[in-house]
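[1] A structural model of the following input is requested.
(one chain, ligands or ions: 1)
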Amino acid sequence: MNKAYVLDRTERELNRLDLQGIIYRDATRRALTDCGIATGMRVLDIGCGSGDVTRLAAELVGPSGSALGIDMDAESVQSARARAAQLGIGNVAFEEGEAGSFAEPGTFDALTGRFFLMHQPSPAQTLAEAARALRPGGVIMMLESHMAGLLDTQHSFPHSEIYDEVVRWKCRVVAAAGADIEAGLGLYRIFQAAKLPAPDLRMEAPVGGGADSLIYRYMAESVRSMLAMADSHDIRGFGAENAEQLEENLRNSVVSSDGVLVCWPVVSACCQLSGAAA
Ligand SMILES: C[S@@+](CC[C@H](N)C(=O)[O-])C[C@H]1O[C@@H](n2cnc3c(N)ncnc32)[C@H](O)[C@@H]1O
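    Take a look at the predicted model:
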């Protein structure tokens, strides 16, 4: 069983995941490509949510390959299926299931996951179990945010007080809900504990400014998504009303100073299992 999921499960939350998918798409595509995910592979994407990483993997493996996304949440699976159908992507499928115990051993060439291990009570165990789905020589690419990386560091230029409040509030709520705000840099340790080969790691962070940056809406939607969780842990700071104003307030504070914001840094970890290539 995983912990209580930190975010809500509404259509709005699925839209927030889409927004997150756009912000982190380039970093994710680079990580998948650099990890060797390529034409003809069969990819298993664990904790797929609305299917953004699964669709990216499907694009990289092409029609001779396939990508299967799994998620324990039925609504996410439905939404992922609907989005794939809408986009006419034929080489993806989505199933409801538990990441660690889903697939037949040895049936996939690659295992992927994004913003997933941070929600697991025993991430190394879940990863080790999911990795059994891989054939010898298969590859693993996990990408996690390192939210703690924005605490006590320069997250905005010039310094934005309101962004500082958002960063601190979100880190508190996510940590209180039991998710790991240090999962990104923790990936090396997780791979080691899962008895996997030491991964190659990379850290990067989107930076945005100007009126059109998506970071304002993404941060505001995330705050809205976490209000119920914050309430249940008695964490004050944002309520329904100022959450509605937050996107505009963030935009105004940044645009009026020709400033920029640093979004959550993400770390990708990639390794290849020993054994014969396909
Ligand atoms: C933050 S979302 C990330 C979704 C997607 N990977 C992305 O990057 O957009 C985490 C997802 O993992 C799913 N999840 C969490 N623990 C799981 C588990 N043990 N087995 C399957 N799905 C799980 C949740 O239901 C949720 O949809």
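[2] how close does the residue nearest in space to the middle of the chain get to Gly97?
    Geometric centre of the chain, nearest residue: Phe115, 2.8 Å, by C-alpha atoms, centre = their mean. Distance of Phe115 to Gly97, given as C-beta to C-beta, to the nearest Å: 18 Å. The C-beta positions use only the backbone N, C-alpha and C, and glycine is treated the same way.
[3] can you give me the strands in the stretch 1-150 of the chain?
    Ranges of strands within the stretch 1-150 of the chain are 42-46, 66-71, 92-96, 108-114, 134-145, based on DSSP state E, counting those that start in this stretch.
[4] in stretch 262-278, which residues are buried?
    For stretch 262-278, a neighbour-count test (16 or more other C-beta atoms under 10 Å) marks 262-272 as buried.
[5] near the ligand at all, it?
    No - using C-beta under 6 Å from any ligand atom, stretch 262-278 never reaches the ligand; the gap is at least 10.1 Å.
[6] mind listing what the residue nearest to the centre of the chain touches?
    By C-beta atoms under 8 Å, 6 or more residues apart in numbering, the residues touching Phe115 are 20, 47, 49, 143-145.
[7] follow-up on the earlier one: can you tell me which of the strands of the stretch 1-150 of the chain is most buried?
    Per residue and on average, the most neighbours among those fall to strand 42-46, with a mean of 28 (mean count of other C-beta atoms under 10 Å).
[8] what lines up beside that one in the sheet?
    Taking DSSP bridges as the criterion, strand 42-46 sits next to strand 66-71 (parallel), strand 108-114 (parallel) in its sheet.
[9] and it, C-alpha only, in CSV?
    Coordinates of each C-alpha in strand 42-46 appear next as CSV, following Å, rounded to 0.1, in the frame of the first residue of the first chain:
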residue,chain,number,x,y,z
ARG,A,42,8.7,-2.4,-24.9
VAL,A,43,8.4,0.1,-22.1
LEU,A,44,6.7,-0.2,-18.7
ASP,A,45,5.8,3.2,-17.1
ILE,A,46,4.9,2.9,-13.4
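[10] what's near enough to touch Lys195?
    Counting by C-beta under 8 Å, 6+ apart, Lys195 touches Ala128.
[11] list the contacts of the spatially closest residue to Val260 that is not a sequence neighbour.
    Leaving aside its sequence neighbours, Val260 sits nearest to Gly209 (C-beta to C-beta, 6 or more residues apart in numbering; 3.8 Å). Residues in contact with Gly209, defined by C-beta under 8 Å, 6+ apart, are 254-255, 258-261.
[12] go with 10 Å
    156-157, 215, 251, 254-255, 257-261 (C-beta atoms under 10 Å, 6 or more residues apart in numbering).
[13] which one of those residues is nearest to the ligand?
    For these, the residue nearest the ligand by C-beta to the nearest ligand atom is Ile215; the value is 16.5 Å.
[14] which residue packs closest to the closest one, ignoring adjacent ones?
    For Ile215, the spatially nearest residue (C-beta to C-beta, 6+ apart) is Gly208, at 4.3 Å.
[15] wait, doesn't that neighbour sit right on His155?
    No - Gly208 sits out of contact with His155 when judged by C-beta atoms under 10 Å, with a separation of 11.9 Å.
[16] of the two, who's got more company?
    Legend: neighbour count by other C-beta atoms under 10 Å for Gly208 and His155, higher for His155 (22 against 16).
[17] just the pLDDT for Arg168.
    Per-residue pLDDT puts Arg168 at 97.
[18] which residue sits closest to it in space, ignoring its chain neighbours?
    Leu151 (6.9 Å).
[19] so what's that neighbour up against?
    By C-beta under 10 Å, 6+ apart, the neighbours of Leu151 are 164, 167-168, 171-172, 181.
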